[in-house]
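**Student:** What follows is a protein structure lacking sequence information:
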């Protein structure tokens, strides 16, 4: 892999890199009944990162197929696909497109971009941890990353909930996104 040194980091050469779907997981966490957390992920997505000569001018985009949501419980997954939540037939994708890199410290970057869920677009801030670059045993270039953010699902029209007899609600308002992944040079 062609790499270069930038501010004491060994980073990939400028160019476009596609997410390696076999080595990337797009997960989420939401409070349940105000006492525990439900975790899930999306199985189908694609995305790319274009690393600029000046890494702070890099861009990224991601498209997630909403009907690929999985929490390990078919009934819950069906409810999440329904009009109460993602309405996957009307809104088949969740998309993210970066607008700017607003800063960095060491291997951690702050990226701002537009997140669209159910045709509602809001600006979100991602914390991106650069994991390093290398070559896998089959000679393919690879670099890794961890991404996290949190947002209020109600701002995207995901307002379904149910009051609990003891107080509070069934589903938390905050959604935490956790992405672990790798990218490879675009063909």
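**Tutor:** In hand now; what should we look at? Keep in mind it's a predicted model, so treat the numbers as computed, not measured. Residues are numbered from 1 along each chain as shown.

**Student:** show me where pLDDT drops low in this protein?
**Tutor:** Scanning the chain for pLDDT under 70 picks out 1, 32-36, 158-172.

**Student:** Mind doing that once more with 80?
**Tutor:** Applying pLDDT under 80 to the chain flags residues 1, 31-36, 157-173, 187.

**Student:** show me where it has strands.
**Tutor:** For the chain, strands defined by DSSP state E occupy the ranges 3-6, 9-12, 15-19, 25-32, 36-42, 45-51, 59-65, 69-70, 93-105, 108-117, 120-135, 141-152, 171-185.

**Student:** and the ones you listed as JSON lines, adding mean neighbour count and distance to residue 79?
**Tutor:** Where C-beta positions appear, they are placed from N, C-alpha and C, glycine not excepted. Putting those into JSON lines (neighbours: other C-beta atoms under 10 Å; distance: least, C-beta to C-beta, whole Å) gives the following:
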{"stretch": "strand 3-6", "mean neighbour count": "13", "distance to residue 79": "45"}
{"stretch": "strand 9-12", "mean neighbour count": "18", "distance to residue 79": "40"}
{"stretch": "strand 15-19", "mean neighbour count": "17", "distance to residue 79": "28"}
{"stretch": "strand 25-32", "mean neighbour count": "17", "distance to residue 79": "13"}
{"stretch": "strand 36-42", "mean neighbour count": "14", "distance to residue 79": "12"}
{"stretch": "strand 45-51", "mean neighbour count": "18", "distance to residue 79": "21"}
{"stretch": "strand 59-65", "mean neighbour count": "19", "distance to residue 79": "18"}
{"stretch": "strand 69-70", "mean neighbour count": "19", "distance to residue 79": "10"}
{"stretch": "strand 93-105", "mean neighbour count": "15", "distance to residue 79": "17"}
{"stretch": "strand 108-117", "mean neighbour count": "18", "distance to residue 79": "16"}
{"stretch": "strand 120-135", "mean neighbour count": "15", "distance to residue 79": "20"}
{"stretch": "strand 141-152", "mean neighbour count": "18", "distance to residue 79": "20"}
{"stretch": "strand 171-185", "mean neighbour count": "18", "distance to residue 79": "10"}
